[in-house]
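structural data only, the sequence is not supplied:
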């Protein structure tokens, strides 16, 4: 079931990405979409978190972590929206997903093997494959208008996603070392709610208009899909056993890349370099699979 939940999470993540692009196509803005998306996501997170668990205790640690994560999220989504306007959606989302290989390097550098963060040769090879795949895919943008602006935006988006993933892994480290406050079920609701509040202020200050019906529609669908993605990914980590523990996150990342490139090609006629996408996916497998756990399951 763990692998199935990871694939469902990838499907909902890709769906959320798709509806962000559809909202822009319908004449809306990324600010309007993200405002509705984050509001709906916060509501769903409360339903799937504190209400489902019956645990309503909140503390300053989870408020601080959730708030900081929310700031990273809303800024990343803002930059992502700008990148989608300037460049190819499939490649943009692939670059965003590829950030998954970097947190291992950061956490190993900051906290080391003593805290369970190893960085092996496999991680290095995987990271190089991901970079090679992205550079190869990026060659298809050579004739893109405003290519320099798009490159700047995707680099900023990639960096912000890395910071967000590192913060998530730092929270996991706190939980694993016995800091129970970090395990509060309010983390995800605060995460989305802070992003929604910030986005509301930004929207009112910069646009100050009524949202279009399609922005409400696509934003609500995108927000629900985003929350369901998080829900199924958490379910995947809780139900995965043996071999599945080693592959659920690579399966999640690869699923997003493949599905995002698929709808980008089918709906927007983007010229997808599938071989480059395969190289990138292979790098995610090599760089994020828990090879020690996999070897233990197989019997090596």
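Cool, the structure landed. From a predicted model like this one, the values you see are computed outputs, not experimental measurements.

where does pLDDT dip in this protein?
Low-confidence segments of the chain (pLDDT under 70): 1-2, 116, 138-144, 237-248, 288-300.

centre-most residue in it?
By CA atoms, centre = their mean, the mean C-alpha position of the chain lies nearest to residue 97, the distance being 6.3 Å.

secondary structure class for that one?
On the three-state scheme (DSSP: H, G, I helix; E, B strand; the rest coil), residue 97 is labelled helix.

so who does it touch?
With contact taken as CB atoms under 8 Å, 6 or more residues apart in numbering, residue 97 is in contact with 253, 256, 257, 260, 284. C-betas here are computed from N, CA, C, even on glycine.

try 10 Å
With contact taken as CB atoms under 10 Å, 6 or more residues apart in numbering, residue 97 is in contact with 10, 13-14, 17, 130, 158, 161, 252-257, 260, 280-281, 284.

quick one: terminal-to-terminal distance for stretch 84-100?
20 Å (CA to CA, to the nearest Å).

wait, residue 48 touches residue 186, no?
No: at 11.9 Å, residue 48 and residue 186 do not qualify as touching, with contact defined as CB atoms under 10 Å.

right, and residue 226 touches residue 17 too?
Yes: assessed by CB under 10 Å, residue 226 is found in contact with residue 17 at 9.4 Å.

can you count the residues close to the closest residue to residue 103 other than its chain neighbours?
Nearest residue to residue 103, sequence neighbours excluded (CB to CB, 6 or more residues apart in numbering): residue 165, at 4.4 Å. A count of nearby residues for residue 165, using other CB atoms under 10 Å, gives 19.

residue 165 sits in which helix or strand?
helix 147-176 (DSSP states H and E).

can you pull the buried residues of the following helix or strand past that helix?
Downstream of helix 147-176, the first helix or strand assigned by DSSP H and E is helix 187-206. Within helix 187-206, the residues scored as buried using 16 or more other CB atoms under 10 Å are 187-199, 202-203.
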